[in-house]
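Undergrad: the sequence isn't on hand, but the structure is:
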């Protein structure tokens, strides 16, 4: 990190500590533009960001650069916990899957819809006269949460990688579900996937509970 960038980071930190988050946000945004590998700047940017999505973006970028930083990981997990997950699901659930997992994905979509959860997948929502890529792009923008069906085929799919990265880089939440045994290390910093391999009913119950708004407590 150059001396000037060190000074800018110190200035931004001082502004943030004084509660001048807007000024710190402006300075840090310029800093990460010229120094995208500055993990500390991304972490500070997450701290002063005005929206939850921007906070997740900053923390995700910081974790890419500082994967062993437990404080950043803990902060990221706070912004991807059950309350945030349930709120994100209100805007719709995008089901991302590989073609060999299509039957499982359709069953999963139907289970979510039967539970009153708005679920979207290309196989049922994109008609023959609709541009597939345009439909996918619209769904990615509108849905607040992705259910990522994990399998060896999914790990090899370029389309799924692009969908997942788009969600991560726009500060949206991903919930992985394990359909077939595969290497899930690349899911960091997200939670371990919900396991559907042995017991579909138990897996979908867990997922629905995670996505369904909880009743408001009174008194």
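TA: Right, received. Where do you want to start? As the structure is a computational prediction, the values presented were derived from the model and not from experiment.
Undergrad: now the helices for this protein?
TA: In the chain, the segments counted as helices under DSSP state H are 3-17, 21-34, 39-48, 52-65, 70-78, 82-89, 102-114, 122-125, 132-142, 152-156, 158-169, 200-211.
Undergrad: to residue 185, which of these lies closest?
TA: helix 152-156 (10.2 Å; CB to CB). C-betas here are computed from N, CA, C, even on glycine.
Undergrad: confidence-wise, which of the helices of the chain is weakest overall?
TA: Among the helices of the chain, helix 122-125 carries the lowest mean pLDDT, at a mean of 62.
Undergrad: endpoint to endpoint, stretch 193-209 covers what distance?
TA: Stretch 193-209 has an end-to-end distance of 14 Å (CA to CA, to the nearest Å).
Undergrad: quick one on the thing from earlier: turn the helices of the chain into a markdown table, columns for distance to residue 189 and mean neighbour count.
TA: Listed next are the helices of the chain as a markdown table, based on distance: least, CB to CB, whole Å; neighbours: other CB atoms under 10 Å:
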| stretch | distance to residue 189 | mean neighbour count |
| --- | --- | --- |
| helix 3-17 | 23 | 15 |
| helix 21-34 | 18 | 17 |
| helix 39-48 | 13 | 23 |
| helix 52-65 | 5 | 21 |
| helix 70-78 | 5 | 15 |
| helix 82-89 | 14 | 17 |
| helix 102-114 | 24 | 17 |
| helix 122-125 | 27 | 15 |
| helix 132-142 | 20 | 14 |
| helix 152-156 | 18 | 16 |
| helix 158-169 | 10 | 16 |
| helix 200-211 | 17 | 16 |
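Undergrad: could those helices go into TSV alongside distance to residue 179?
TA: Shown next, in TSV, are the helices of the chain (distance: least, CB to CB, whole Å):
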stretch	distance to residue 179
helix 3-17	42
helix 21-34	36
helix 39-48	32
helix 52-65	24
helix 70-78	24
helix 82-89	20
helix 102-114	5
helix 122-125	15
helix 132-142	20
helix 152-156	8
helix 158-169	12
helix 200-211	9
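Undergrad: which stretch among the ones you listed comes nearest residue 95?
TA: Of all these, helix 102-114 comes closest under CB to CB, at 5.4 Å.
Undergrad: run through the neighbouring helices and strands of that closest one.
TA: Counting contacts by 3 or more CB pairs under 8 Å, 6 or more residues apart in numbering; DSSP states H and E, helix 102-114 is packed against strand 93-96, strand 119-120, helix 122-125, strand 145-150, helix 200-211.
Undergrad: quick one: closest of those to residue 160.
TA: Judging the helices and strands packed on helix 102-114 by CB to CB, what sits closest to residue 160 is strand 93-96, at 5.4 Å.
Undergrad: what is the mean pLDDT for that closest one?
TA: 94.
Undergrad: and of the helices and strands packed on helix 102-114, who's closest to residue 183?
TA: Closest approach to residue 183 among these is made by strand 145-150 (9.2 Å; CB to CB).
Undergrad: show me this structure divided up by domain.
TA: 3-79, 84-211 (automatic domain parsing).
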